[in-house]
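Enquirer: I would like to see how this sequence folds:
(one chain, ligands or ions: 1)
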Amino acid sequence: MDFTFNEEQKMVIDGARRFAREKLAPFIAELDEKAEVNLKALKELGKLGYLGMTLPEDFDGSNAGAIAYAASMIEFSKVDAGTAVAVSVQNSLVNDAILTFGTEAQKKEFLPRLASGEWIGCFTLTEANSGSDPGSLRTSAIRDGEHFVLSGTKNFTTNGGIADMMIVFAQTCKEKGAKGISAFLVRTDVPGFKVGKHENKMGIRSSSTTEMVFENCRVPASALLGEENKGLKVALTTLDGGRIGIAAQAVGIAEGALDEAVRYAKERVQFGRPISELEGLQFMLADMATEVEIARTMLFRVAWMKESHSQKFTKEAAMIKLYASEMAHRVCHKALQVHGGYGFMKEYKIERLYRDQRITEIYEGTSEIQRCVIARSLLGE
Ligand SMILES: Cc1cc2nc3c(=O)[nH]c(=O)nc-3n(C[C@H](O)[C@H](O)[C@H](O)COP(=O)(O)OP(=O)(O)OC[C@H]3O[C@@H](n4cnc5c(N)ncnc54)[C@H](O)[C@@H]3O)c2cc1C
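Expert: Below you'll find the model as predicted:
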């Protein structure tokens, strides 16, 4: 068992840390305030290989692997969790789905453009009345000869407002319910599609979250990703990998919060000495650091499971997504407490980290859904 990063991984992770410091940190406070995406940084990340981290070189991927990807996600999330989730969606939800389920022609058309950042992708499954229960989605895809006609509205789509292509889930056989859903690869310039409402969010405000509206939108049958009526499998398999990205996002936010708490505790003087000398605060910091370390260790183990293709990791991905996101909640809560009243003010980074953390317990399956996945696996269902 080896717990060290190899030289290649170290280079990739150092590059991510440098990028976060130089290209994300100077802009995040303003982008958070204005709810704007750092598209320039995202495009640059593509050129540097961070948008095709788990893709083979045949498709212009950087082939850095799931471990380096998770570690890079930590570095981006510490500084700008909004840009980090855009990176996560591109790598885990879009690229991985196409690599696993796409035809050779689809891989050749989409993957090099996604890996380089020429195209930004999104994964649009959720609808107003279909969140935790994706099998109940209502967007329809009706076959018309060699085409499908898509109608319906998706919501809460990350990267929606900046996407060049999307993976859309729609019902191709209403009678079959959850077994009648298919996945499609669709360009966002296709007639009949438009971006709907842009959400005004509590956190990760430097990410785009929108509705996606389909009005008699015709796509060729060759746009099917995977088999017809097997779309739920595409979604659920892809989300297993996605949860590693979100767990890494949570670990990054928690690490960022811990760093802020340690720094502040050393600077702030009360009762004539730095508050870091108070045992009550030292215990809080010690608990935070211990929880972060536990999550990091399990995160890299699950990333290793994915990278080595050694076994199915559905249960473990749910476990680390659940643990890391709830751990980040506890850590951000304590880190803000260490800051006292100043932590409640926008001038302090912890205020944003506290808001950014909250989504990690909700998207790509809420904590309750992760518990359902883990329990199902334990009970052999
Ligand atoms: C900022 C943001 C970005 C997002 N990005 C994307 C994206 O890119 N693509 C996409 O498709 N979706 C995206 N989503 C949607 C996200 O995945 C869903 O919001 C999430 O899965 C929960 O669905 P819901 O909001 O409809 O809540 P609901 O499913 O209505 O859940 C409400 C409550 O009921 C609980 N609950 C539901 N079912 C069960 C159960 N069986 N057992 C116990 N408790 C249960 C939930 O845990 C929750 O507490 C995003 C959401 C947000 C807020």
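Enquirer: and residue 311, how many neighbours does it have?
Expert: 9 (other CB atoms under 10 Å). All C-beta atoms are positioned from the backbone trio N, CA, C, and that covers glycine.
Enquirer: What segments of the chain are strands?
Expert: Listed in chain order, the strands of the chain (DSSP state E) span 121-124, 140-144, 147-158, 165-171, 181-187, 193-198, 209-220, 224-225, 269-270, 273-274.
Enquirer: And these: which comes nearest the ligand?
Expert: strand 147-158 (3.4 Å; CB to the nearest ligand atom).
Enquirer: quick one on the thing from earlier: nearest to residue 33, of the strands of the chain?
Expert: Residue 33 lies closest to strand 193-198 among those, at 15.6 Å (CB to CB).
Enquirer: okay, the strands of the chain in CSV with mean pLDDT, mean neighbour count and distance to residue 361 next?
Expert: As requested, those are arranged in CSV below (pLDDT from 0 to 100; neighbours: other CB atoms under 10 Å; distance: least, CB to CB, whole Å):
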stretch, mean pLDDT, mean neighbour count, distance to residue 361
strand 121-124, 98, 27, 19
strand 140-144, 98, 17, 31
strand 147-158, 98, 21, 15
strand 165-171, 98, 26, 23
strand 181-187, 98, 24, 26
strand 193-198, 98, 15, 23
strand 209-220, 98, 19, 16
strand 224-225, 98, 24, 28
strand 269-270, 98, 10, 32
strand 273-274, 98, 12, 33
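Enquirer: Reformat these as CSV; add distance to the ligand.
Expert: Shown next, in CSV, are the strands of the chain (distance: least, CB to the nearest ligand atom, whole Å):
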stretch, distance to the ligand
strand 121-124, 5
strand 140-144, 16
strand 147-158, 3
strand 165-171, 8
strand 181-187, 12
strand 193-198, 12
strand 209-220, 5
strand 224-225, 14
strand 269-270, 37
strand 273-274, 37
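Enquirer: And those: which comes nearest residue 94?
Expert: Using CB to CB, the nearest of the strands of the chain to residue 94 is strand 121-124, at 3.5 Å.
Enquirer: what's near enough to touch the nearest residue to residue 361 once chain neighbours are set aside?
Expert: Of all residues not flanking residue 361 in the chain, residue 325 sits nearest, at 4.4 Å (CB to CB, 6 or more residues apart in numbering). Residues near residue 325 by CB atoms under 8 Å, 6 or more residues apart in numbering: 246, 247, 250, 357, 360, 361, 367.
Enquirer: Compute the number of surrounding residues for the fourth one.
Expert: Using other CB under 10 Å, residue 357 has 29 neighbouring residues.
Enquirer: In contact with it, which residues?
Expert: With contacts defined as CB under 8 Å, 6+ apart, residue 357 is in contact with 81, 203, 250, 253, 254, 257, 325, 328, 329, 332.
Enquirer: what about the third one, how many residues close to it?
Expert: Residue 250 is flanked by 34 other residues according to other CB under 10 Å.
Enquirer: That one touches residue 328, doesn't it?
Expert: Yes - using CB atoms under 8 Å, residue 250 makes contact with residue 328 at a distance of 4.0 Å.
Enquirer: Now do the shared contacts for the two.
Expert: 295, 357, 360.
Enquirer: Adding pLDDT and distance to the ligand, write these out as TSV.
Expert: TSV is the format used below for the shared contacts of residue 250 and residue 328 (pLDDT from 0 to 100; distance: CB to the nearest ligand atom, whole Å):
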residue	pLDDT	distance to the ligand
295	98	20
357	98	12
360	98	10
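Enquirer: tell me the phi and psi of residue 365?
Expert: Per-residue torsions, residue 365: phi 100, psi 120 (degrees, to the nearest 10).
Enquirer: Now do the same contact list for it.
Expert: Taking CB under 8 Å, 6+ apart, we find residue 365 in contact with 132, 239, 243, 318, 321, 373.
Enquirer: Distance of it relative to residue 30?
Expert: 32 Å (CB to CB, to the nearest Å).
Enquirer: Ok, residue 172 next?
Expert: In this view, residue 172 and residue 30 are 44 Å apart by CB to CB.
Enquirer: With neighbour numbers in mind, choose between those two.
Expert: Shown here are residue 172 and residue 30; by other CB under 10 Å, residue 172 has more neighbours (21 against 11).
Enquirer: Contact residues of the stretch 201-350 of the chain facing the ligand?
Expert: Residues of the stretch 201-350 of the chain lying close to the ligand (CB under 6 Å from any ligand atom) are 201, 209.
Enquirer: care to break the chain down by domain?
Expert: Recorded structural domains for the chain (assignment: automatic domain parsing) are 7-119, 122-229, 232-378.
Enquirer: since we're on the residue in the stretch 101-250 of the chain that the ligand sits nearest to, how many residues are nearby?
Expert: Nearest residue of the stretch 101-250 of the chain to the ligand (CB to the nearest ligand atom) works out as residue 131 at 1.8 Å. Around residue 131 there are 18 other residues, counting by other CB under 10 Å.
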